[in-house]
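Sequence plus the predicted model coming up.
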Amino acid sequence: MKNKTALITGASRGIGRAIAARFAASGYDLVLTCQKNTDLLEELKAELTKEHGVHCLLFTGDLAERQTAGQLFDTIGETGRTVEVLVNNAGISHIGLLQDTSWDEWQCIVGTNLTAVYSLCKEAIPSMIWNHSGKIINISSVWGCVGASCEVAYSATKGGINALTKALAKELAPSGIQVNAIACGAIDTDMNHFLSDQERQNLLAEIPSGRMGTPEEVAHLAWQLADGNEYLTGQVICLDGGWI
């Protein structure tokens, strides 16, 4: 029997890499994307194919650009595969006052964090509807739920993802497709390595669990959403150690 296929964006490192490893361990074939870190994707492919014997298709490109998602799905179609699970993980952050955020910076973060999610969902949905099944999992942030000072642009894009998740879940539920989001708190990835030791300690003091989450914990929850309860849809699940 053919393996299911999971498409994971931003898979070259951090949360995306951990999600890829978790799905590979469960026997999923993978479509892994990144914007530019092709070497890291190649390393991950070699690791996962050797350890789990799964098929990995790699794609490098800017999914915020209008035609790129279509090109990706054309490439997938050429292999005879369909995407049963879409994990929209790719994202970038921007720290700074809104008044100091340039037009180009705004367009960049909206494109990467939100427009790409729209484009990938649009491409993935037709085959899911045809098969009357599918899972869409969006990696969001607690700042999309409550907002963060000096991260207005980032918060706006993640808030958009949360709203998209809830609305799209209602739209697709009659077709047997579930759409959920994981609103991550402070996860120990490169995105948070800019913090000084003191800033890190201050942050940990605010988190009731007393630590950051791990990419593997996010990956496990993503896998549970893909593999679990088909009545669960339209949810934005906070994974934050009780922080927010």
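Structure's in. What do you need?

so V117 sits in a strand?
No - secondary structure assignment (DSSP: H, G, I helix; E, B strand; the rest coil) places V117 in helix, not in a strand.

in this protein, which helix has the most residues?
Among the segments of the chain that qualify as a helix by DSSP state H, the longest is helix 152-172.

Please name the residues that touch G134.
When the contact criterion is Cβ atoms under 8 Å, 6 or more residues apart in numbering, the partners of G134 are 83-86, 124-125, 127-128, 172, 176-178. Quick note: C-beta positions are derived from backbone N, CA and C, even for glycine.

hmm, try it at 10 Å
82-86, 124-125, 127-128, 172, 175-179, 226 (Cβ atoms under 10 Å, 6 or more residues apart in numbering).

can you check P126 too?
With contacts defined as Cβ under 10 Å, 6+ apart, the neighbours of P126 are 73, 82.

mind checking how far it is from N3?
P126 is 21 Å from N3, where distance means Cβ to Cβ, to the nearest Å.

got a list of what the residue most central in space within the chain touches?
Among the residues of the chain, N89 comes closest to the average C-alpha position under Cα atoms, centre = their mean, at 1.5 Å. The contact partners of N89, by Cβ under 10 Å, 6+ apart, come to 7-11, 14-20, 33, 117, 137-139, 182, 218-219, 222.

next one: L97
If you count contacts by Cβ under 10 Å, 6+ apart, then L97 has 149-150, 152 around it.

Also S12?
For S12, the set of contacting residues under the criterion of Cβ under 10 Å, 6+ apart consists of 20, 32-44, 58, 60, 90.

related to what we said a few turns ago, out of the contacts of L97, which are buried?
V152 (16 or more other Cβ atoms under 10 Å).

and of the contacts of L97, the nearest to V236?
Distances from V236 to the contacts of L97, taken as Cβ to Cβ, are shortest for V152 (19.1 Å).

Distance-wise, check the closest one relative to L203.
When distance is defined by Cβ to Cβ, V152 is 19 Å away from L203.

what do you get for S140?
S140 sits 19 Å away from L203, going by Cβ to Cβ.

the more surrounded of those two?
Taking neighbours as other Cβ atoms under 10 Å, S140 and L203 compare with S140 leading, 29 against 15.

part of a strand, is the more buried one?
Yes - under the criterion used here (three-state DSSP), S140 sits inside a strand.

show me the contacts for it.
Contact criterion Cβ under 10 Å, 6+ apart gives 88, 91, 113, 117, 157-162, 164-165, 180-184, 236-239 as the residues in contact with S140.

Quick check: phi and psi at the residue lying closest to G213 once chain neighbours are set aside.
What sits nearest to G213 in space, not counting adjacent residues and going by Cβ to Cβ, 6 or more residues apart in numbering, is I187, at 4.6 Å. The phi and psi values for I187, taken as degrees, to the nearest 10, are phi -110, psi 140.

hang on, isn't I187 packed against T214?
Yes - the pair I187 and T214 qualifies as a contact (Cβ atoms under 10 Å) at a distance of 7.0 Å.

okay, and the common contacts of the two?
Joint contacts of I187 and T214 (Cβ under 10 Å, 6+ apart) are 15, 18.

With just CA atoms, put the lowest-mean-pLDDT helix or strand in the chain into CSV.
Using mean pLDDT, DSSP states H and E, helix 197-206 stands out as the lowest-scoring helix or strand of the chain, at a mean of 93. These are the backbone C-alpha positions of helix 197-206, laid out as CSV (Å, rounded to 0.1, in the frame of the first residue of the first chain):
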residue,chain,number,x,y,z
ASP,A,197,21.3,35.4,28.5
GLN,A,198,19.5,37.8,30.7
GLU,A,199,16.6,38.2,28.3
ARG,A,200,16.3,34.5,28.1
GLN,A,201,16.2,34.1,31.8
ASN,A,202,13.6,36.8,32.1
LEU,A,203,11.5,35.0,29.5
LEU,A,204,11.7,31.7,31.2
ALA,A,205,10.6,33.3,34.5
GLU,A,206,7.4,34.3,32.7
